[in-house]
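> Provide a 3D model corresponding to the input given below.
(one chain, ligands or ions: 2)
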Amino acid sequence: MQTLFINIKELLQIREVGIDKISGSDMAILPKIDNAYLLIENNIISNFGPMENCPKLSDVEIIDATGQVILPTWVDSHTHIVYAGNRIQEFVDRINGLSYEEIANRGGGILNSAKKLNETSEDEIYEQSKLRLEEVMQQGTGAVEIKSGYGLTVEGELKMLRVIKRLKENYPIAIKATFLGAHAFPMEYKENHSAYIDLIINEMLPKIASENLADYIDAFLETGYFSVEETIKIMEAGRKYGLEPKIHVNQFTAIDGIKACVENGALSVDHLEIVTDEDIEVLKNSKTMPVALPSCSYFISIPYTPARKMMNAGLPLALATDYNPGTTPSGNMNFVVATACIKMKMTPEEAINAATINGAYAMGISESHGSITKGKKANLIITKPIMSFYQLPYAFGTNLIDKVMIEGKFI
Ligand SMILES: N=CN[C@@H](CCC(=O)O)C(=O)O
Ligand SMILES: [Zn+2]
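Residues are numbered from 1 along each chain as shown. Ligands and ions are numbered 1, 2, ... in the order given. The predicted structure is shown next:
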C-alpha cells in the first residue's frame, strides 16, 4: 500500500539517517523542502523531495496537500497521563493563594493522586487514561512516555504500569513506560525514608522487572522529596534491571542533582526551571538530554527553563508536556511549542526541533521517530492550509491540524 502526498507547501524536519539529536546553534536550523512530495509505503517513509522529482507511480493513493505543511508528529517524552480523578480543587486553592508546596504539606499534591489511584480499579484507570491518550493523538502526538508514580505502594505501582502496558498493546502510538515509585514519600514513610527506598528496590523493582513492565526509571530529585543520595540509590538499583534513568530534577531548587544524574548515565534530566552555571557545565559533552516542560511553568507560575542560555552553551533541549493532574493538566504539544516560543523565546525552528527529534532522543526512539527520514515510521502532522509553519506557534489557540497519520494510517 503506497500513499503519495503531492504539492506539500513545506515539508519540515527532513534529516539524513543516523542523526539522533540537534544541539546548540544547530537547533536554529529546521531543514525543509518547499513544494515537496512525500511517499509512504506501508507504515514507513520511503521517499521525499521537491515536486519536480516526484515519481510517476500507478496504483498509489494520491493526496494533494496544496497550501498544507507536513511535519513529523510530536514526541512527548515526559507525561503522567495514567492517573485517577483530578485535582481541580487544588487548582482553585492555588488561585486563592496557596502554593504547590503548602498544598503538598497538607497531604494534597502527589499523595492526593496516590490516594485516588489506590482506591480506583485498574479497568477504571485504563478507561480514564485512554481518553487522554486518544486526545493527545488527535493533537498530533505520535509517541509518548508515560510514568507510574501515583501508586506509591507495590500494588498501586504495578497497577499503573499494567495500565500503561495495555495502552501499549491497544494503540498504534509508540509508548515507553517509566517506573516512578520514587515520586513522593507516602505519609507512613515520612520519618523513615530508607524503609520506602528498600520497598522500591527490594519489592517493587523485582516484580516490575519480572513482568517486564518498565523501560526507564525516574525519581523526583528535589528538596523535600528525594535527595541526591537517595536518587543515586534508585538509579543504581534500576540499572541492575537495565532501566536507564530519566529524572525529575531542578524544578524548584538546584542541589547538584544534575551532576549525579549525568554521572549515572541518565538519558534525560527533566524540568530544569532552576539551572545554575555548574549544571550547564556538567551537561556539556554528556549524553543526557535536558527536557523543558513549559506548560508546567505556565500552569503553576514557576520560572521557565532558561533555553537560550542552555542552547548558547551548546546544549540540546527537548520539549515535553508533563501531562499530569497536579502541575500540568494538558497534553497539548502544540501549546508547548507555542509557549516555548512566546515565553522561552525559542524560535519556531528551535521549538520544533526540541519537540520532535530531541524528544525522540529523550525517549530512546530516535531511530524510528522524530524526523522525516527514509525508513522512519510514517508519523505525520498534516496542517490545514497555512501561511507558513511560523503560524503554528503564532496562532497559539487555534487548532491548525487537519489530519494526523500514525504508522501510515490516519487516526
Ligand atoms: N514534579 C513532580 N511530578 C509531577 C507533578 C506531580 C503532581 O503534582 O502530581 C511534575 O512533573 O510536575
Ligand atoms: Zn513530571
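> now the strands for the stretch 1-150 of the chain?
In chain order, the stretch 1-150 of the chain shows strands spanning 2-12, 32-41, 44-50, 61-64, 68-72, 74-76, 141-147, with DSSP state E, counting those that start in this stretch as the criterion.
> Find the least confident helix or strand in the protein, judged by mean pLDDT.
Of all regular secondary-structure elements in the chain, judged by mean pLDDT, DSSP states H and E, the least confident is helix 100-105 with a mean of 89.
> Packing partners of that helix?
Applying 3 or more C-beta pairs under 8 Å, 6 or more residues apart in numbering; DSSP states H and E, one finds that helix 100-105 contacts helix 88-95. No exception for glycine: its C-beta is placed from N, CA and C like everyone else's.
> what's in contact with the helix it packs on?
The list of residues contacting helix 88-95 from outside it, by C-beta atoms under 8 Å, 6 or more residues apart in numbering, reads 98, 100, 103, 108-109, 112, 300, 326, 329.
> pLDDT score assigned to Ser121?
In the predicted model, Ser121 carries a pLDDT score of 98.
> Now render the contacts of helix 88-95 as TSV, adding distance to Asp256 and neighbour count.
Supplementary listing: those in TSV, determined by distance: C-beta to C-beta, whole Å; neighbours: other C-beta atoms under 10 Å:
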residue	distance to Asp256	neighbour count
Leu98	29	16
Tyr100	22	19
Ile103	27	19
Gly108	28	19
Gly109	24	20
Asn112	30	21
Ile300	24	16
Gly326	26	25
Pro329	31	17
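> list the contacts for the closest residue to Ile357 other than its chain neighbours?
With C-beta to C-beta, 6 or more residues apart in numbering as the criterion, Ile357 has its nearest non-adjacent residue at 4.0 Å, and that residue is Gly370. Counting by C-beta under 8 Å, 6+ apart, Gly370 makes contact with 13, 72, 75, 143, 356-361, 376.
> How about the one residue sitting closest to the centre of the chain: what's its closest non-neighbour residue?
Using C-alpha atoms, centre = their mean, the residue of the chain that lies closest to the mean C-alpha position is Ser77, 2.1 Å off. Beyond its immediate neighbours in the sequence, the residue positioned closest to Ser77 (C-beta to C-beta, 6+ apart) is Ala362, lying 3.8 Å away.
> measure stretch 58-71 end to end?
Terminal residues of stretch 58-71 lie 25 Å apart, using C-alpha to C-alpha, to the nearest Å.
> ok, residues contacting it?
Residues from elsewhere that reach stretch 58-71 (C-beta under 8 Å, 6+ apart): 1-13, 36, 38-39, 352, 356, 372, 380-386, 388-389, 392, 402.
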